[in-house]
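> Turn this into a model:
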Amino acid sequence: MTDPRIPPDLRGYEGTSTGRTDTDGSVVPSRSVDPLGWCVIATTALLTWLLGPAVLAVLSAVGIVKYWRAWRSGRTDSNCILGDVRLVIAYLVILFAVGAVATALSLT
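Numbering: from 1, shown residues only. Okay, the predicted model is just below:
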């Protein structure tokens, strides 16, 4: 039940994919999926483009630490396309090595 004191514009979106009818008869559209992942990907790409391979090394190192802790606490699967936490860690180790080597080469 919706509180009638809350204006319809502030109630948010709930319901099925086709929307629902509110208590006052107005149709409330359904909530869409938040594509936050694409914002994260674009921001990471921007940082990498601006700051170079050092960002790749830093972000992959943070990912390694986070996935290592998750694996040590019992997590075996990931929402990553690779699926298995060990495969994700291996992938991040490779990315870290590429970023570290490229950073070292750009400094020399």
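
> check contacts around residue 56.
For residue 56, the contacting residues are 48, 95, 96, 98, 99, 102, taking CB atoms under 8 Å, 6 or more residues apart in numbering as the criterion. (Each C-beta comes from the backbone N, C-alpha and C, glycine too.)

> Recalculate using a threshold of 10 Å.
The neighbours of residue 56, taking CB atoms under 10 Å, 6 or more residues apart in numbering as the test, are 44, 47, 48, 95, 96, 98, 99, 100, 102, 103.

> Likewise for residue 64?
The contact partners of residue 64, taken as CB under 10 Å, 6+ apart, are 88, 89, 90, 91, 92, 93, 95, 96.

> and if we set it to 7 Å?
Counting by CB atoms under 7 Å, 6 or more residues apart in numbering, residue 64 makes contact with 89, 92, 93, 96.

> And the next helix or strand past the helix or strand hosting it?
In this assignment (DSSP states H and E), residue 64 forms part of helix 53-72. Next in sequence after helix 53-72, counting helices and strands by DSSP H and E, comes helix 85-107.

> State the number of residues packed around residue 67.
A count of neighbours around residue 67, defined by other CB atoms under 10 Å, yields 21.

> Number the residues from 12 up from this point.
With the count now opening at 12, the last piece we talked about shows up as residue 78.

> Would you confirm that it contacts residue 98?
No. Judged on CB atoms under 7 Å, residue 78 makes no contact with residue 98 at a distance of 9.9 Å.
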